[in-house]
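Asker: Please work out how this folds:
(one chain, ligands or ions: 1)
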Amino acid sequence: MFYLLFVIVFWGCENSSHTALEHTSQVPEWKKEFAGTYVSQINTPATYNLLSSCNKKPRVGAINELSDRKIPIDLTEIRSITKNGKTFLRFPLDKGEQLYGLGLNFKTVKQRGRIMRLHVDHYGGKDNGRTHAPIPFFVSDKGYGVLINTARYVDVYAGTGVRRDSNNPPVTKDRNDDPAWSPNPYSDNLEFIIPENGVELILFTGENMLEVVQKYNLYCGGGFIPPKWGLGFWQRTPTLFTDKDVEKEVKGFEENNFPLDVIGLEPGWHSKAYPCTFEWNKDRFPDPQAFVQSMDNKGVKINLWCNPYVWPGSNLDNALGKYHGSHTVWCGNVPDYSMKEPRELFKKHIQKHQLDIGVSGYKVDEVDGFDDWIFPDIAMFPSGLDGEQMRQTYANHVMSMTDELYRANNKRTYGLVRGANAGSVSYPYVIYNDYYSHRDFITALINSSFCGVLWTPEVRASKSDTEWLRRMQTTCFSPMAMINAWADGTKPWSFPEVYKGCQEVAFLRMQLLPYLYSTFAQYYFEGKPPFRAMELVEGYHSKVEEIATELDGTDNPYAKALMKEVKDQYMMGDYILVAPMFDDEVKRKVILPEGKWYDFYTGKLAGESEVIEIEPDINKIPLFVKDGGIIPMIEKVRNSHEWQMTKTLEVRIYGTRTGSFKLYDDDGKSYNYEKGEYSVKEFKVQNGQASVIDITSDKNWGYAAPKWKFMSQK
Ligand code: GAL
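Answerer: Residues are numbered from 1 along each chain as shown. Predicted coordinates:
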């Protein structure tokens, strides 16, 4: 037991004139579980919570490999009060401390100063907590983070409320004559309301924020490695497509020489939808098995759109009958997938109709809301859960059922989902939505790295050629490279003027697959998010005071740029900085963290610890590589099947610093990697000399000896 402290203090007792406000508050007791991981149970938490809805176990070994940093705040300053069936929580904030996370936000990265209710919903244009993945986990740049493990809606006051007992109260100002008056005076606390009598908190420490996130991810079961085909190009076809239409679509990709690994079928493949039957429509797909097989023979996997609401009177509905909740969605029944029996019945049904014929996975739609497109909070379920608990966790259940089933078949899946919550890190799903703001899509990609989810800036349609190309470029530098043409029927070549650029970036993604796959291996083994905010990069300063002293924040443009929220650049893995362009933009600024950074395409020095302005070739998404960066690449392939056939590996080396890269490989399709069936070789470069070290090797190694390419030599 690490720490035991349970004292009764008064919230407000520091100022004796506040007696009317006094309430008994607790200093929560923390128990150390693993390296830098502490748990606190306030009163008796509900047994149903976010982590219990996911059934995953912490990856203890991997967590214990990370630092055991002490908690960097005074624990007596964390307080809780239980009153009126609610838990009120408070954490201290320092001046200049910044907060990240608190769900998949689309407009903001820094969360201090915001008020939110964390509530699963379709994103509605405001960062108010209603989002697809409203994960109640925050990360502080002091080097710690906390998960509030509750399946209830959580209210957050992220440094907004000004307490009368503050240690550092703001100065009262007269608005009449003081221009420094602010409607939002300084607040030094982060407060939460959880509408339950008790709650479990899990606190993670880290030497930096990346390590805090890694521990959170590993605690939830770690990341995952997608099947190799999942990282190729995806095309979703329009609704009501038939097998013949799909064949034509696939042929178009061959004729136009564009990468393709997955076709996603949108509504129309179910015999009825919405709600869904999870059985094939025999008019459009008379022989589903032959269809899926013929696609597989062409190297194309089939992914199926669905929503989890069940068509009344269908076979699935009849089987699940006694496990439905009290309310319907689009007249469809809502099974209680928190219970074992309906889970097994659902799994049996989709095994027979889809997995047995080779379907690769699902797109799970409509598990987020809107409020009038989902069951209400007053719904009741046979397990005893209510609509609020179910709303917060329905996506977790659908992901976990399909994850269990694909695991039982020893086949990896990779799919899409429109909702998620804490605990779902290891489920092989990527979040998407209908919101379609390109810039905000990139902010979401950045934020996804603070909350253990993946996000795709999918492409649908565009108003101009350049917008189409820019969107194609960013989707190719995301966890899932995808056109979702369900409504518009667009194809990569829909904008012929920019087709060359679209082809170039899609093939570049394919060439980078060994790098990307190894980056996902880090997600699984170490919990490192594959796509990361700049704040998670070593040498990127985000703390205002540090900048002010170290870099002279007053007139240093680098320091000034850092003080703003950076929502238009991010990292893919350890080495590649992605700085996308939007719409008709021809120039942009890029913040290069400490150390030297090189242009990915030319290997030329781009700058160091500075803000550069670039005016790139329209066909090239701006990419920069860290000094010592090692990037393994294959030749241009159209799909993962060709990837597995190619042996040649070009390994690009950038800059002059000593560097290393662990190239990972496995069978690309089964879960055997979790049993140790994989190979890793470490590429090292030191004093201009490159070498390879075998870390572990088995039969799963698909590459020939590397051809080194020193990109930055004059
Ligand atoms: C939406 C979904 C789209 C598409 C569409 C089909 O809910 O976000 O991506 O699947 O349904 O009806």
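
Asker: tell me the helices in the stretch 301-450 of the chain, going along the chain?
Answerer: In the stretch 301-450 of the chain, the segments counted as helices under DSSP state H, counting those that start in this stretch are 315-320, 340-353, 387-408, 438-448.

Asker: could I get the ones you listed as a markdown table with distance to N43 and mean pLDDT?
Answerer: To be clear about C-beta, it is placed using only N, CA and C from the backbone, and glycine gets the same treatment. Listed next are the helices of the stretch 301-450 of the chain as a markdown table, based on distance: least, CB to CB, whole Å; pLDDT from 0 to 100:
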| stretch | distance to N43 | mean pLDDT |
| --- | --- | --- |
| helix 315-320 | 35 | 98 |
| helix 340-353 | 28 | 98 |
| helix 387-408 | 18 | 98 |
| helix 438-448 | 32 | 98 |
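
Asker: so can I have a markdown table of those showing distance to C306?
Answerer: Listed next are those as a markdown table, based on distance: least, CB to CB, whole Å:
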| stretch | distance to C306 |
| --- | --- |
| helix 315-320 | 11 |
| helix 340-353 | 9 |
| helix 387-408 | 9 |
| helix 438-448 | 23 |
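
Asker: The longest strand along the chain packs against which elements?
Answerer: What stands out as the longest strand in the chain, according to DSSP state E, is strand 588-599. In terms of contacts (3 or more CB pairs under 8 Å, 6 or more residues apart in numbering; DSSP states H and E), strand 588-599 is packed against helix 557-563, strand 576-578, strand 605-614, strand 623-626.

Asker: Assign E200 to helix, strand or coil.
Answerer: strand (DSSP: H, G, I helix; E, B strand; the rest coil).

Asker: what residues does the stretch 251-400 of the chain put near the ligand?
Answerer: E266, P267, W305, D365, E366 (CB under 6 Å from any ligand atom).

Asker: among these, which are in strands?
Answerer: W305.

Asker: May I see the residues of the stretch 251-400 of the chain next to the ligand arranged in TSV, with neighbour count and distance to R59 as well?
Answerer: Formatted as TSV, those follow (neighbours: other CB atoms under 10 Å; distance: CB to CB, whole Å):
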residue	neighbour count	distance to R59
E266	20	36
P267	19	37
W305	24	32
D365	22	30
E366	23	31
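
Asker: Return the member of the residues of the stretch 251-400 of the chain next to the ligand nearest to S52.
Answerer: E366 (23.5 Å; CB to CB).

Asker: May I have the phi/psi pair for the closest one?
Answerer: phi 60, psi 20 (degrees, to the nearest 10).

Asker: which residue does the stretch 101-250 of the chain bring closest to the ligand?
Answerer: T239 (5.9 Å; CB to the nearest ligand atom).

Asker: residues touching that residue, list them.
Answerer: E266, P267, G268, W486, A487 (CB atoms under 8 Å, 6 or more residues apart in numbering).

Asker: Looking at the helices and strands packed on strand 588-599, which one is packed in the most?
Answerer: Mean neighbour counts were compared across the helices and strands packed on strand 588-599 using mean count of other CB atoms under 10 Å; the top stretch is strand 623-626, at a mean of 25.

Asker: Keeping just the C-alphas, turn it into PDB.
Answerer: Extracted in PDB, the C-alpha atoms of strand 623-626 (Å, rounded to 0.1, in the frame of the first residue of the first chain):
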ATOM      1  CA  LEU A 623       6.500  16.300 -44.300                       C
ATOM      2  CA  PHE A 624       9.600  16.800 -42.100                       C
ATOM      3  CA  VAL A 625      11.800  14.300 -40.500                       C
ATOM      4  CA  LYS A 626      13.600  14.600 -37.200                       C
END
